[in-house]
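Asker: Need the 3D shape of this:
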Amino acid sequence: MATHHKFSATRTAHVYTIGNPGKHIKKVWIVTHGYGQLASRFIHRFEQLDDGETLIIAPEGLSRFYWGGFTGEVVSSWMTKGNRLDEIADFSNYMQQVYDSFIPQLNENITINLLGFSQGCATQVRWILREFPYFHNLIMWSGSIPEDIPYHEKKEYWNNKQLYFAYGTQDPFLTEKRVKWSHDTIKEKELTCQTYTFDGKHEVDKAALKDFVAKFLG
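Answerer: Residues are numbered from 1 along each chain as shown. Model prediction:
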C-alpha cells in the first residue's frame, strides 16, 4: 500500500515588472494572467499605464506545462483541482511574498490596483481572503469570483474597497447565463461591484483597459 507524504519545498518564481520601484511611484498594479499564459507576455497589455509614476507587477503562475502536446509552447497555470488546497496555499504565499517585496519600497500614499484575468481572478480573490492585503481596487477581468468562500464573514474588510467586473460582449466563455451567474453570485455574497463591458473577446483589450481606467480610476 502506498503512503502519501507532503513536504514544503522552495520554488523559483518568476515576476515581471514595468516601471522602477521607488517613492516616486503613486500607483501600482498587481496583475495575474489566465490559464495557459505567461506573465512575460501578459504584462505588455499594461504598457500604456507606464507614466513614470506607475509600477506594474505581473507574477507568473507556478505550474508550467506544454500547450498542445509534449513539444508545444511552454505556458503556466495557477492551480488545478488536484491537491487544490495545497496549490491555493502555495500561490497565496507566493503572491504575498511579491506584495511584501515591492509595496514597502513605494510611496505610503500609493493607490493599489489588483487585476485578475480569467483564472487570475480566482487567484487574486483567494490570495486576498487568505492574507488580507491592503488595496483599493479589485478588477475581475473576464472572470468571476470563487463561490466557495464565505465573503460575508469578512464583510468589513471590503468596506473601503471597490470591485469591478469587466468583460467583452463577444467573450465565448462568458455566456449570458454565465454573466448572470456571476452577477447573482456577487449579489449573494453581499459585495458591491460595478460592471464594465467592451466590444471584444476573452482578453485584456488594450483600448478597453485604457477606457476603463479613464472612466473608473481617473
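
Asker: Can you tell me the element the nearest residue to Arg64 once chain neighbours are set aside falls in?
Answerer: Setting aside the residues directly before and after it, Arg64 is nearest to Ser76 in space (C-beta to C-beta, 6 or more residues apart in numbering), at 4.9 Å. Quick note: C-beta positions are derived from backbone N, CA and C, even for glycine. Ser76 belongs to strand 73-77 when assigned by DSSP states H and E.

Asker: Next SSE downstream of that strand?
Answerer: Next helix or strand after strand 73-77 toward the C-terminus (DSSP H and E): helix 84-102.

Asker: got the angle between that following helix and strand 73-77?
Answerer: If you take axes from the mean of the first three to the mean of the last three C-alpha atoms, to 10 degrees, helix 84-102 sits at 90 degrees to strand 73-77.

Asker: Would you mind listing the buried residues in helix 84-102?
Answerer: Within helix 84-102, the residues that count as buried by 16 or more other C-beta atoms under 10 Å are Glu87, Ile88, Asp90, Phe91, Ser92, Tyr94, Met95, Gln96, Val98, Tyr99, Phe102.

Asker: same thing with stretch 190-204?
Answerer: Buried positions in stretch 190-204, judged by neighbour count with 16+ other C-beta under 10 Å: Leu191, Cys193, Phe198, Gly200, His202, Glu203, Val204.

Asker: any idea how far Arg84 is from Tyr66?
Answerer: Look at Tyr66 and Arg84: by C-beta to C-beta, to the nearest Å, they are 22 Å apart.

Asker: which residues of this protein fall in strands?
Answerer: Applying DSSP state E to the chain gives strands spanning 15-18, 27-32, 54-59, 63-67, 73-77, 111-117, 137-141, 162-168, 193-198.

Asker: closest one to Ser8 among those strands?
Answerer: Ranking those by proximity to Ser8 (C-beta to C-beta) places strand 63-67 first, at 16.3 Å.

Asker: Next, the angle helix 84-102 makes with that closest one.
Answerer: On the basis of the same axes, to 10 degrees, strand 63-67 is oriented at 110 degrees to helix 84-102.

Asker: from what I can see Gln170 touches Phe198, true?
Answerer: No: Gln170 is beyond contact range of Phe198, at 9.3 Å (criterion: C-beta atoms under 8 Å).

Asker: CA atoms only for the worst-scoring helix or strand of the chain on mean pLDDT - export them in CSV, please.
Answerer: Least confident helix or strand of the chain, by mean pLDDT, DSSP states H and E, is strand 63-67 with a mean of 83. The C-alpha coordinates for strand 63-67 follow below in CSV (Å, rounded to 0.1, in the frame of the first residue of the first chain):
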residue,chain,number,x,y,z
SER,A,63,2.6,25.4,-12.7
ARG,A,64,4.2,25.1,-16.1
PHE,A,65,3.2,22.8,-18.9
TYR,A,66,3.4,22.3,-22.7
TRP,A,67,0.4,23.8,-24.6
